[in-house]
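# Here is a sequence together with a model predicted from it:
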Amino acid sequence: MTSSLQSAEPPLKWAPLAGVTAALAMFGAAQGLSSPLFTLLMQKQGLSPALIGLSAAMMPFGLILSASFVPAAVRLVGARTLAVGCSLIGALCFLGIGYLQDWVGWFLIRFVLGIVINPLYVLGEVWALSLAPPSRRGRVMGVFNTVLGAGYATGPFALTLIGTSGWAPFAVGVIGFLLCALILRAVSSDLAGFEDDGQSGGGLLGFARMAPALLLAVLVSAAVQQSTYALLPVFGGGYGLAEAVLAALVMALSLGNILLQIPLGLLAERFGGRAMIIVCALATTACALLLPLLILTPLVWLVLLVMGAVGYGVYTMALVELGARFKGSVLVAGNSAFALMWGVGGIVGPPGAGLLMQAIGPLGLPVVIACLDALLVIFALYRASVRRRGRA
């Protein structure tokens with residue numbers, strides 16, 4: 001049965017899929033460079049941590065505000081034109097950063113960057129989902145997110161090599177966005193368009209009614225990931241770990257995220273995206289509960305490798321399920337809703353975990369992570385029971 005199903009599928013278009021993945025990796029490198037670059041530049045200017053944090057919030061704020069406009073923009077100018085245009089605006093933003101050297105102007109630029117990177121995230125994932133045959137969707141999205149994660153990690157690494165002085169760091173950002181635009185333009189003839197398919201999902205609110213568990217999965221994944229990356233050094237510091245070890249803890253999370261998305265994608269092909277969302281959420285909960293017990297032992301490195309993978313794996317599995325259930329413009333609307341929920345999760349997660357850590361100490365971080373993922377598991381199981389009753 002499986003072999004006949006696979007034979008009926010259209011062949012995988014490797015060239016456009018590789019092009020989209022490479023383009024997003026270039027964009028990811030530029031995006032990954034931007035956050036530490038802004039922080040270091042503002043520190044050099046003697047700005048307070050509060051102002052630096054407020055500046056960092058401009059990008060997710062732009063992402064959230066732009067999420068509802070992506071489907072309409074696709075219908076208005078077309079997916080290809082929108083993606084290439086946003087890449088070019090991103091390059092201009094990095095030119096503006098280098099030219100202005102002014103933290104007030106950077107607030108506006110970071111907001112604009114949040115707006116223009118959103119369509120790149122949305123359309124890149126939508127194209128990858130559309131190009132992937134159903135039988136290989138899990139591994140395709142695993143590879144896609146692995147390469148994107150590696151590209152994102154390249155940005156901070158490049159910054160350690162070139163520093164923050166002169167035009168070199170801004171040139172890396174400009175080149176990353178320009179390469180993204182050029183690659184997308186080169187493969188655009190083989191990329192599906194979604195602007196004229198005649199489907200309607202009722203916008204973001206309509207999609208939320210169709211797939212609330214998927215949106216909660218994205219919010220939880222974002223809140224957990226960004227809380228962990230931001231506060232894991234604080235958690236480890238509470239147990240007296242050295243500064244070098246604290247940085248290595250975060251690197252272990254990133255390494256697990258990069259190395260294990262493909263195996264998780266293969267498991268999604270076997271067991272389905274819905275089931276794997278629950279598995280990843282349960283595994284994240286277990287890792288969070290083990291952190292306080294193992295933080296001073298060598299086993300903590302294994303826990304963090306797994307935690308980095310399954311924490312982000314919740315999002316990868318949600319993408320796989322999204323591609324399995326929706327097509328065309330509804331898929332664009334769904335992915336725009338994912339971007340919105342990712343932004344919301346990033347805004348509410350770290351502050352919430354930070355406040356609880358301030359109240360009860362380092363244990364606040366694993367408590368928040370475990371509670372969020374437990375909530376996701378409960379709601380996902382509830383939605384599964386509702387669907388079963390609906391079919392009965």
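Received the coordinates, thanks.
# In this structure residue 267 contacts residue 276, no?
Yes: counting by C-beta atoms under 8 Å, residue 276 is a contact partner of residue 267 at 5.8 Å. (Glycine included, C-beta is placed from N, CA and C.)
# The two: who's more crowded?
Taking neighbours as other C-beta atoms under 10 Å, residue 267 and residue 276 compare with residue 276 leading, 26 against 20.
# where in the stretch 251-392 of the chain is pLDDT low?
390-392 (pLDDT under 70).
# redo that, cut-off 80
251, 328-329, 346-347, 387-392 (pLDDT under 80).
# just the stretch 1-150 of the chain next, same as before
Using pLDDT under 80, the stretch 1-150 of the chain drops low at 1-15, 27-28, 30-60, 101-104, 132, 134, 149.
# Strands of that one, start to end?
Under the criterion DSSP state E, counting those that start in this stretch, the stretch 1-150 of the chain contains no strands.
# hmm, back to that, any residues in contact with both of residue 267 and residue 276?
Shared contacts of residue 267 and residue 276 (C-beta atoms under 8 Å, 6 or more residues apart in numbering): none.
# Residue 230: what's its closest spatial neighbour, skipping adjacent residues?
residue 350 (4.6 Å; C-beta to C-beta, 6 or more residues apart in numbering).
# which SSE is that neighbour in?
Residue 350 is part of helix 328-360 when elements are defined by DSSP states H and E.
# Please identify the buried residues of that helix?
By 16 or more other C-beta atoms under 10 Å, the buried positions in helix 328-360 come out as 328-347, 349-350, 352-354, 356-357.
# Summarise which helices and strands it is packed against.
Counting contacts by 3 or more C-beta pairs under 8 Å, 6 or more residues apart in numbering; DSSP states H and E, helix 328-360 packs against helix 49-67, helix 70-77, helix 103-131, helix 203-210, helix 212-237, helix 299-325, helix 364-391.
# mind checking how far residue 82 is from residue 324?
If you measure residue 82 against residue 324 using C-beta to C-beta, to the nearest Å, the figure is 25 Å.
# swap in residue 255?
29 Å.
# Compare the helices and strands packed on helix 328-360 and report which one is nearest to residue 175.
Closest to residue 175 of those, according to C-beta to C-beta: helix 103-131, at 15.6 Å.
# What is that closest one packed up against?
helix 14-44, helix 49-67, helix 70-77, helix 79-100, helix 137-162, helix 299-325, helix 328-360.
# Which residues does the second one contact?
For helix 49-67, the external contacting residues (C-beta under 8 Å, 6+ apart) are 34-35, 38-39, 42-43, 103, 106-108, 110-115, 117-119, 204, 336-337, 339-340, 342-344, 346-347.
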